[in-house]
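In: Need coordinates for the below:
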Amino acid sequence: LYLNNGQWNGVQVLPPDWVARATRPAIPADRWPEDYAAAGLSNYGYQWWLLSPETGDYLALGKDGQYLYINPATGATIVRLGWSQGEIFTSAWVDLFQSISAAVSE
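Out: Numbering: from 1, shown residues only. Alright, predicted model coming up:
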C-alpha cells in the first residue's frame, strides 16, 4: 500500500499526498532526541519511524520486536514477527533491514 503511494490492486485506498505526509519528518531536526538518532531513527512521521533521508526508508515498530520495514527506493518490504526483540537493539535491526534491502536491489 505504501510502496504504491496508497494504491492497492489498482484501487486508490489512501490519497497519495497522505502517504507523502505520513513519511516525512514531523519533528524539527533541532528537537530530535540524540538517543533516537543513535538508534538509527532520523525522525518520525504519522506512525512511521523515518530512517535514512537519502533512501527514504521507514518502519513501524510493534510490540515484542515486531517490525514492518519499507524502502521505496529498492521496493523492499520486510516484516519481522517475534515474541521478543531479544538482546538485539533497534539499531541492529535497522542495519539488518537496510542491508537486506540494499542486497535485494542489486
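In: ok, residue 105 - contacts?
Out: 73-76 (Cβ atoms under 8 Å, 6 or more residues apart in numbering). Heads up, the C-betas are built off the backbone N, CA and C, glycines and all.
In: buried subset of those residues?
Out: 74, 76 (16 or more other Cβ atoms under 10 Å).
In: Among the contacts of residue 105, which lie within helices?
Out: With DSSP state H as the criterion, helices contain none of these.
In: where's residue 103, which helix or strand?
Out: helix 90-105 (DSSP states H and E).
In: centre of the chain versus that helix, how much separation?
Out: Relative to its chain's centre, helix 90-105 lies at 11 Å (Cα atoms, centre = their mean, to the nearest Å).
In: which residues of this structure fall in helices?
Out: Using DSSP H, helices in the chain cover 16-22, 34-38, 90-105.
In: circling back to that earlier point, and which of the contacts of residue 105 is nearest residue 102?
Out: Nearest to residue 102 among the contacts of residue 105 is residue 74, at 6.8 Å by Cβ to Cβ.
In: so that closest one makes contact with residue 99?
Out: No: the criterion here is Cβ atoms under 8 Å, and residue 74 misses it with residue 99 at 11.2 Å.
In: Any idea how many residues pack against residue 32?
Out: Neighbour count for residue 32, taken as other Cβ atoms under 10 Å: 16.
In: Give me the distance between the spatially closest residue to it that is not a sequence neighbour and residue 26.
Out: Spatial nearest neighbour of residue 32, chain neighbours left out: residue 43 (6.0 Å); criterion: Cβ to Cβ, 6 or more residues apart in numbering. Residue 43 sits 7 Å away from residue 26, going by Cβ to Cβ, to the nearest Å.
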